[in-house]
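Peer 1: Got a predicted structure here, sequence first:
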Amino acid sequence: MKAVVVGATGPAVTSVPDPAVALSSDVGACVIRMTRAMLGDEDRRSALPRQAPVTLGRAFVGVIDAIAPDATERARDLRLAPGRRVAVHPIIRCGTCDRCTSGLGAHCANRRTLGIDRDGCFAERVAVPLSVLSAIPDSLDDDRAVFAVAVSEALECTRHVRVEGKAYVTIVGDGLSALLSAMVLGRLNAAVRIVSTDGAIANSTEKLGIRHRLASEVGRRGDQHVVVDCHGTAASLALACDLVRPRGTILLRESREPASLGAIVGRELRVQGVALGSLVEALDLLSRRQIEVAPLIERRIGLADVPAALAAPGHLATLVRGD
């Protein structure tokens, strides 16, 4: 089958073994036929040349193609069967370490991530455990359902801090994660705004009714109750520190480079990392049209176009069709 694999010479479309050949609970309890995947910044960062080849791709939806014979009973318990449309959580947990068994499965000591250290979804079919699947409501089409992973990250912000009643909430970012964070948090606080550095998303914020300012134009008075950093760079964290009030909260959606912690100590700031959230909650939000993601789709491509797209910058969503 075809897949986008990154190796020593970078990403390329190549032929790889069909995962159904080795289907078992040890390898992957089921095979998903990919119908839609999302190409994001995480995939671009993972596309750097490496010695150990891996199929790229982190976020996708698809149809259950096959289930391992030794996993059929478990599948019945989960009401999963061939032909069912599902969204796939990209974090594979072992389920047996002390973190998994104590309710910290999101921080599994043996976790593996699709497209990074386990073959990902830029392929015709993908083998994954049943535990990472969430059924897609019939009312939700694939183009919107594929946003579930990204929306779950935005929803996770609300688990760490209340934005209702907070006078000032700012999101620092220039891309899709900033827009989705504003859409999700804006449902709870109408004062949410985005502060961006390059203005590339200005047209999108205007169409979506999201408040937006350029970082070069915004006052740095240290009066924001909550700042969400969707960049994860030293510069973006410094900007967040300038914007947030003393003893305020900074939520980190990304972590791309080391940063100075002086302002965090001096102003007694709370810094909270934010990881992936619940796909079930994200799918429910999308199916009820509580946020509308269609305007965030920049382009649709096939597997053959993925290598070129990985090399190109993108501020909105690029959807990959299953070929």
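Peer 2: Alright, I've got the coordinates. No experiment lies behind these values; they were computed from the predicted model shown. Numbers count the residues shown, from 1 in each chain.
Peer 1: list the contacts for the residue nearest to the spatial centre of the chain?
Peer 2: For the chain, the residue lying nearest the average C-alpha position, counting by C-alpha atoms, centre = their mean, turns out to be A150 (3.6 Å). Going by C-beta atoms under 8 Å, 6 or more residues apart in numbering, A150 touches M38, G40, A59, L176, S177, L180, A317. Bear in mind the C-beta positions are built from the backbone N, C-alpha and C, glycine included.
Peer 1: same question, L179
Peer 2: Going by C-beta under 8 Å, 6+ apart, L179 touches G173, I194, I201, S204, T205, L208, I210, L296, L316.
Peer 1: Could you point out which of those residues is nearest to V271?
Peer 2: Of all the contacts of L179, G173 has the smallest distance to V271: 16.3 Å, by C-beta to C-beta.
Peer 1: one step back: among the contacts of L179, which are in helices?
Peer 2: Members of the contacts of L179 lying in helices (criterion: DSSP state H): S204, T205, L208.
Peer 1: The second one: neighbour count?
Peer 2: For T205, the neighbour count with other C-beta atoms under 10 Å is 19.
Peer 1: ditto for the one 5 residues further on
Peer 2: Counted with other C-beta under 10 Å, residues neighbouring I210 total 20.
Peer 1: can you pull the pLDDT of it?
Peer 2: For I210, the pLDDT comes out at 93.
Peer 1: Leaving out chain neighbours, which residue sits closest to it?
Peer 2: With C-beta to C-beta, 6 or more residues apart in numbering as the criterion, I210 has its nearest non-adjacent residue at 4.8 Å, and that residue is A182.
Peer 1: so where does that neighbour fall, helix or strand?
Peer 2: helix 176-186 (DSSP states H and E).
Peer 1: what's the answer for R220, then?
Peer 2: Per DSSP H and E, there is no helix or strand for R220.
Peer 1: before we move on, back to that, kindly supply the ChimeraX command isolating those of the contacts of A150 that are buried.
Peer 2: Remark: buried members of these, expressed as a ChimeraX selection using 16 or more other C-beta atoms under 10 Å:
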select :38,40,59,176,177,180,317
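Peer 1: Sketch out the low-pLDDT regions of the stretch 151-300 of the chain for me.
Peer 2: Residue ranges of the stretch 151-300 of the chain with pLDDT under 70: 257-260.
Peer 1: Please repeat the previous calculation with a cut-off of 90.
Peer 2: The stretch 151-300 of the chain contains residues with pLDDT under 90 at 158-167, 188-191, 197-203, 219-221, 231-234, 247, 252-277.
Peer 1: the helices in it, which residues?
Peer 2: Counting by DSSP state H, counting those that start in this stretch, the stretch 151-300 of the chain has helices at residues 176-186, 202-208, 234-243, 262-266, 279-287.
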